[in-house]
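> This is a predicted model, with the sequence first.
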Amino acid sequence: MSYLELRHVAKSYGTGATGVRALEDVSLAVERSSLVAVMGPSGSGKSTLLAIAGSLEAPTSGEVVIDGAPLSSMSQRDKARLRRRTVGYVFQDFNLLAGLTARENVSLPLELDGVPARRAQHVAIALLEELGLAARAAHFPDELSGGERQRAAIARAVIGERSLLLADEPSGALDSVNGEAVMRMVLAACRRGVAAVVVTHDAKLASWADRVVFIQDGRIVDQTVPPPTAESLVADLPAPAPRR
Ligand code: ADP
């Protein structure tokens, strides 16, 4: 079963002549351990799709199912818990809290979820070390470079065994080296079993995904699957006959 499913999702903002149909009949399934990249022109509905997948916004019609549970049947409280524990969200503009250090920003989701502060800090430091940010842990966001801020934002999104990672242009403000580092972190999370959806305008980064979904005027217009690897082609061959 897919970990995240969007079933015939539509989203309108406003009504009548001034209304906008941001999404129309979008269906998408994302398995655990897989990375789906979403590409499309500005205003095509990418951010809306991500916000609906993460329960930050409700669809006008259609259904979102996460780990078998339809969001429409969840209470506000259940959805808040889902956002705290299950969904890691990386916003376009990072959304790090200016008054907290990198380490405090990263440990915040765990602390909000009731994990004792010392334990949460320990986990955050380990994660920052993994991302090469240990030396910057005590710095505030405005003392960090764009790449460092973005790594902190991703650390905050993956902390605490989250299983769904949704990232809106996580490499948007970064140079290509940092952009690749960010994608590597997302892929590492996928290898741990996380289902990930990443909006990107960068075809090279999108090519790292298991699947690329193209969206235009609120509709999915194409989905590509990368060509099979040499190993997967060989795996289907019959075993060689035993030698006599
Ligand atoms: P993208 O992320 O691909 O640039 P968005 O999902 O942000 O596209 O937007 C899709 C469409 O929905 C656009 O026409 C945008 O103007 C509109 N839209 C997005 N959010 C809102 C909102 N809160 N109110 C009104 N219109 C919105």
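Perfect, thanks for sending it.
> Please parse this structure into its domains.
The chain resolves into domains spanning 1-13+20-86+162-224, 96-160 when parsed by automatic domain parsing.
> Output those as a markdown table; include the columns mean neighbour count.
Backbone N, C-alpha and C define where each C-beta goes, glycine included. Listed next are the domains of the chain as a markdown table, based on neighbours: other Cβ atoms under 10 Å:
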| stretch | mean neighbour count |
| --- | --- |
| domain 1-13+20-86+162-224 | 18 |
| domain 96-160 | 18 |
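> can you put those domains in a markdown table and add distance to the ligand?
Formatted as a markdown table, the domains of the chain follow (distance: least, Cβ to the nearest ligand atom, whole Å):
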| stretch | distance to the ligand |
| --- | --- |
| domain 1-13+20-86+162-224 | 3 |
| domain 96-160 | 18 |
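> Let me have those domains in CSV, extended by mean pLDDT.
What follows is those, written out as CSV (pLDDT from 0 to 100):
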stretch, mean pLDDT
domain 1-13+20-86+162-224, 92
domain 96-160, 93
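> can you give me the helices for this protein?
46-53, 76-85, 102-112, 117-130, 146-158, 176-191, 203-206, 230-235 (DSSP state H).
> State the mean pLDDT of the last one.
When pLDDT is averaged along helix 230-235, the result is 58.
> give the contact list for the most centrally placed residue in the chain.
With distances taken as Cα atoms, centre = their mean, the residue of the chain nearest its centroid is Leu166 (2.0 Å). By Cβ atoms under 8 Å, 6 or more residues apart in numbering, the contact set of Leu166 is Leu50, Ala53, Gly54, Val87, Gly88, Tyr89, Val90, Ala196, Val197.
> Quick check: the gap between it and Ser47.
10 Å (Cβ to Cβ, to the nearest Å).
> of all the contacts of Leu166, which two lie farthest apart?
Within these, two members stand farthest from each other by Cβ to Cβ: Ala53 and Val90, at 12.8 Å.
> pretty sure Gly218 is touching Leu23, no?
Yes - between Gly218 and Leu23 there is a contact under Cβ atoms under 8 Å: 4.5 Å.
> got any residues that touch both of those two?
In contact with both Gly218 and Leu23: Ala10, Lys11, Gly45, Thr48, using Cβ under 8 Å, 6+ apart.
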